[in-house]
Each structure stands twice: as structure tokens, then as C-alpha cells.
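Engineer: All I have is the shape, not the residue letters:
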């Protein structure tokens, strides 16, 4: 069976691939990624962070459960070693200076066990902050069959959520914070493509109405969102 991420990989990479860039750059800064640093990015998607690690002089590796995402990552970051793999058992045969996971923990059954198995000297977790800090959630709520049903923030979105997981895994938290991440669409069509990713296109009017407060003078859209991050050392 084709995995859902492979089905939307091309569009996702085009419109969302660089979205987490500010958080990724902050994590790279905090963990000191530079020449010779061995980095494993878990859930690497289309490989933007792998390419950035290479720019910094690091040795990048990545793993993702989606074969098509891995194919895109290999093209974007040809110097990186990229594999198809399970996030719960991401890599065998070697340790890394830094292991990163952007928007990953919400997809695993046992976050503490998963983090405990990340073979890195430093572990960095990052993902969406609480809903109140994200413009995108106005659109998400509008598309929900039951508005407000998902209004309760998951543990990872809340302040201290990532830190709690790292500490439960017996790691020492060394840094944490929040980073602004902005998603922009130049026109209505791009907005709809980015939000719906080719599915439920009958919801296009709902998307446009919900995004109206974020429309810019030139007819595009600018949604201000935030990621939280936390870094720990073994």
C-alpha cells in the first residue's frame, strides 16, 4: 500500500519543505553543527536540513518512512546517506554527534523509549508550538468536522513538553526555546494546494475564507507560526 506521505511528497516538498528552516537553523546553532559534525536527521522529509548540514560542513545522514520523501532527500542532499526506515528504530551501525527530530514525536507510540534509542551525543527535538501561537490553526479549525475538538494542545506543543521527554530519557537538557516560522503563499491557488495537498478540493472556499485575515496587500498570504525546540546531552 502506498504511504500517504509518498503520495503528496512532491507538493509537500515544493510548498512546505523549507517551512521549518528557522527552527532547523536555530537547532544547528545551539548544537554547534559545523565541519565534521556527524548529524542524523530522523524523519528527514525531502532533505532540506540534510542539505543545510552539508553547507555547514557537517556529515549528514537521514531516515524517513516514506520512500518518495527519501528519493527527494537524496536528490536535494546527494552527499548525505539517506535510508527508508522506521522512526522507532531509525538507524543501526554507528553513533552521531547530533540527532535531530523535527515534527516526529507525535507519530510514535512511546516517545521516551524512541528518544532513548537515538544514538547521539546531543539530541534535538522540535515541532509545532501551542495552537494559540499559530495562524495556521485558524484554517485547521475551519476544516475540522467538529471545530474545537482538537483545541487541547498535545504535550509536545506545550512549554516544557520536549524537555520532559528528554529528562525522562535520562538526558540533560542544555537549551530550549521558541522560534517563529512563517508560511507564505503568493496567491489563492498556492494557498489551496499547500493546505489541501490535493485532497478534499471541495473545501477550497473554506480555506480561502479562513485565510482571509492573513491576506497581504499583493493578494498573497502570510501565516505566522511558531516551533518549540529542546536540546539535551548524554
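Structural biologist: Looks like it arrived, so ask away. Remember, it's a predicted structure, so these values are computed and weren't measured experimentally.
Engineer: residues contacting residue 99?
Structural biologist: 39, 40, 41, 42, 118, 119, 120, 122, 123, 124 (C-beta atoms under 8 Å, 6 or more residues apart in numbering). (Each C-beta comes from the backbone N, C-alpha and C, glycine too.)
Engineer: Tell me which of those fall in helices.
Structural biologist: Counting by DSSP state H, no part of those is found in helices.
Engineer: Include neighbour count when you put these into CSV, please.
Structural biologist: Formatted as CSV, the contacts of residue 99 follow (neighbours: other C-beta atoms under 10 Å):
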residue, neighbour count
39, 28
40, 27
41, 32
42, 28
118, 24
119, 15
120, 23
122, 24
123, 28
124, 30
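Engineer: can you count the residues close to residue 136?
Structural biologist: Residue 136 is flanked by 19 other residues according to other C-beta atoms under 10 Å.
Engineer: ok, back up a step: so which of the contacts of residue 99 sits lowest on pLDDT?
Structural biologist: pLDDT across these is lowest for residue 119, at 87.
Engineer: Quick check, it in contact with residue 98.
Structural biologist: No - using C-beta atoms under 8 Å, residue 119 is not in contact with residue 98; the gap is 11.0 Å.
Engineer: which neighbours do those two share?
Structural biologist: In contact with both residue 119 and residue 98: residue 40, using C-beta under 8 Å, 6+ apart.
Engineer: Look up how far residue 156 lies from residue 40.
Structural biologist: 20 Å (C-beta to C-beta, to the nearest Å).
Engineer: Show me which helix runs longest in the protein.
Structural biologist: Max-length helix for the chain by DSSP H is helix 4-16.
Engineer: Which positions in the helix or strand following it come out as buried?
Structural biologist: From helix 4-16 onward toward the C-terminus, using DSSP states H and E, the following helix or strand is helix 21-31. Within helix 21-31, the residues that count as buried by 16 or more other C-beta atoms under 10 Å are 22, 23, 24, 26, 27, 28, 30, 31.
Engineer: what sits against the second one?
Structural biologist: When you say that, I think you mean residue 23. Per C-beta under 8 Å, 6+ apart, neighbours of residue 23: 102, 126, 179, 181, 227, 229.
Engineer: Low-confidence stretches in this structure?
Structural biologist: Residue ranges of the chain with pLDDT under 70: 1-2, 88-90, 93, 146-152.
Engineer: picking that back up, of the buried residues of helix 21-31, closest to residue 14?
Structural biologist: residue 24 (17.6 Å; C-beta to C-beta).
Engineer: got the contact list for the residue nearest to the closest one when sequence neighbours are not counted?
Structural biologist: Spatially, and ignoring its direct neighbours in sequence, residue 24 is nearest to residue 49 (4.8 Å; C-beta to C-beta, 6 or more residues apart in numbering). Listed by C-beta under 8 Å, 6+ apart, the contact set of residue 49 reads 20, 24, 41, 60, 62, 100, 102.
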